[in-house]
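>>> Okay, predicted coordinates and the sequence, questions at the end:
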Amino acid sequence: MLTGFEKIVEEKILASIRKGEFDNLKGSGKPLKESAEDRVPEDLRMAYRILKNADFIPPEIELKKEIQQTEDILAGIADVGSKYKLLKKLNFLILKLNSMRTGSASLDVPQHYEPKVLDKLENRDKDKS
C-alpha cells in the first residue's frame, strides 16, 4: 500500500515516462556499475563509508596485502634458509587470516606446503638412486 507522498511521486514518474523524458538518458539500456559498497548491508554502509574516508583498512584486507607482499618476496629469494623462514611466516599469516573467517572452510586460503613436500620427495628419490 502506497502512502500519499509515494503515490504522488509514482504518478509524476509515470507521467514523465509517458512524455518520454527518460528516453535519452546517459547510459540508458546499459547495466549499472556495481560498487563495493553495494555488497555491504545497508545498515552498515554509513559505518564503512566513515572508515573508508578515515583511511581505515579492515584487518582481513591488511593481512591479505601482507600475504601478497610476502609471496612476492618469496618468489625472488634463492637462499633455501631464508626461503624456509619466509614460508613459515607466510603460512602463519594465512593461518591467521583463515582463523578470522566465519564462513565455510572451503573459502580458506590454502597454505604453501606443496612445493616443500615435492622438494623433499624429489630429494628422497634422488638419494635412493
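Arrived safely, thanks for sending.
>>> Check which residues of whichever strand or helix holds Q69 are buried.
Per DSSP states H and E, Q69 falls inside helix 59-75. Neighbour-count burial for helix 59-75, with 16 or more other Cβ atoms under 10 Å as criterion, is recorded at L63, K64, I67, T70, L74. Placement of C-beta: from N, CA and C, glycine included.
>>> any chance of the residues you listed in a markdown table, plus distance to N98 and pLDDT?
As requested, the buried residues of helix 59-75 are exported to a markdown table (distance: Cβ to Cβ, whole Å; pLDDT from 0 to 100):
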| residue | distance to N98 | pLDDT |
| --- | --- | --- |
| L63 | 10 | 88 |
| K64 | 11 | 87 |
| I67 | 11 | 89 |
| T70 | 15 | 90 |
| L74 | 18 | 85 |
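>>> with these in mind, which one is nearest to E21?
K64 (45.8 Å; Cβ to Cβ).
>>> Appreciated, that's everything.
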